[in-house]
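S.K.: no sequence on this one, just coordinates:
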């Protein structure tokens, strides 16, 4: 069996220092908002504090994952811990949805029993939260572009910054127009947005963990491309999966027209490697060569 891979993609420095700064900022924001929410009676402020607390947890998980992913492969962990970041993204997305569900319940209860709120405290604390979360968002923005783990942490912070903006608007409306129900309405809006963002990330990380074929990858196109190579008779028993943000793996059986030499197979293997990397962004391949073998020739075979 031939195995080959390309290292054209490199695991980026995920900014551990920026994550630590964000963790410290959010701990401070959370403590301030809890105290302010209890003093003012604002559910929106308390819900924002709760979300900030989940931000702290998510950032710690993300930071831990960036350290674990560098663990070297061993006899017991042949892939190392390369999937730590995907697992972190899945956990963080799950917490977003759970917290959002709790906020919906609290908002509905507060709609039934609206309460007068000390709006001045809400306004000042929401402004502090906007500044703190805004700085954290800027620190993590670049690394969130192409890394699911960092994106999960980034989304926690971005949605919380938006939530703080909503809380600020609500505080101003309560202060100048005495619209008390706006606190519950904003809490509900924040929760719905969290569910939308969290579900998309949860779905994507789940697909990677379950070894689904990446959405941008066409199995049929890959098979057709390989079968254009001279000497290749059939491509079957194909598996394609995404190990982490940097690696997409292809495993397949290839039937050859003739009983080729091992040296000839190595040349064809290199050709396949170049083809699937440049055309389909696959950087790890594992090929089982066959000649005249009586097995199932379907592209997808249930193991």
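M.R.: Arrived safely, thanks for sending. Owing to the predicted nature of the structure, the values given are computational and were not obtained by experimental measurement.
S.K.: which ones are touching residue 137?
M.R.: 154, 157-158, 161 (Cβ atoms under 8 Å, 6 or more residues apart in numbering). Backbone N, C-alpha and C define where each C-beta goes, glycine included.
S.K.: longest strand of this structure?
M.R.: Secondary structure of the chain per DSSP state E: the longest strand is strand 232-242.
S.K.: residues of it that come out buried?
M.R.: Counting neighbours by 16 or more other Cβ atoms under 10 Å, one finds that the buried residues in strand 232-242 are 232, 234-238, 240-242.
S.K.: contacting residues around whatever helix or strand comes next after it?
M.R.: Proceeding N to C from strand 232-242, the next assigned helix or strand is strand 248-256, under DSSP states H and E. Residues outside strand 248-256 that contact it (Cβ under 8 Å, 6+ apart) are 214, 217, 222, 226, 231-243, 265, 276, 280-291, 293, 295, 297.
S.K.: same thing with stretch 89-97?
M.R.: Taking Cβ under 8 Å, 6+ apart as the rule, stretch 89-97 contacts 54, 57-58, 61-62, 148-149, 151-153, 155-156, 159, 194-195, 197-199, 201-202, 204-206, 209.
S.K.: one step back: pLDDT and neighbour count added to the contacts of residue 137, as JSON lines?
M.R.: Formatted as JSON lines, the contacts of residue 137 follow (pLDDT from 0 to 100; neighbours: other Cβ atoms under 10 Å):
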{"residue": "154", "pLDDT": "86", "neighbour count": "24"}
{"residue": "157", "pLDDT": "84", "neighbour count": "28"}
{"residue": "158", "pLDDT": "83", "neighbour count": "19"}
{"residue": "161", "pLDDT": "84", "neighbour count": "21"}
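S.K.: need the max-distance pair from those.
M.R.: Spanning the widest gap among these are 154 and 161, at 10.5 Å by Cβ to Cβ.
S.K.: picking that back up, just the ones of the contacts of residue 137 in helices?
M.R.: 154, 157-158, 161 (DSSP state H).
S.K.: sorry, back to before: the longest strand of the chain: partners in the sheet, and parallel or antiparallel?
M.R.: strand 248-256 (antiparallel) (DSSP bridges).
S.K.: pLDDT of the partner strand, averaged?
M.R.: Per-residue pLDDT over strand 248-256 has a mean of 96.
S.K.: next secondary structure after that strand?
M.R.: Using DSSP H and E, the helix or strand that follows strand 248-256 in sequence is helix 262-280.
S.K.: which strands border the following helix or strand past that following helix, and is each parallel or antiparallel?
M.R.: With elements assigned by DSSP H and E, the helix or strand that comes after helix 262-280 is strand 284-290. Partner strands and pairing direction for strand 284-290 (DSSP bridges) are strand 2-5 (antiparallel), strand 248-256 (parallel).
S.K.: next up, the contacts around the nearest residue in space to residue 65 that is not next to it in sequence.
M.R.: Residue nearest to residue 65 in three dimensions, not counting chain neighbours: residue 88, with 3.8 Å by Cβ to Cβ, 6 or more residues apart in numbering. Applying Cβ under 8 Å, 6+ apart to residue 88 gives the contacts 61-62, 64-65, 149, 152.
S.K.: who wins for neighbours among these?
M.R.: Counting neighbours by other Cβ atoms under 10 Å, residue 152 comes out on top of these with 32 neighbours.
S.K.: my read is that that residue contacts residue 202, right?
M.R.: No - at 9.3 Å, residue 152 and residue 202 do not qualify as touching, with contact defined as Cβ atoms under 8 Å.
S.K.: which residues of the stretch 151-300 of the chain score low on pLDDT?
M.R.: Within the stretch 151-300 of the chain, not a single segment meets pLDDT under 70.
S.K.: closest to residue 167 out of the contacts of residue 137?
M.R.: residue 161 (10.6 Å).
S.K.: isn't the closest one right next to residue 128, touching?
M.R.: No - counting by Cβ under 8 Å, residue 161 stays clear of residue 128, with 11.7 Å between them.
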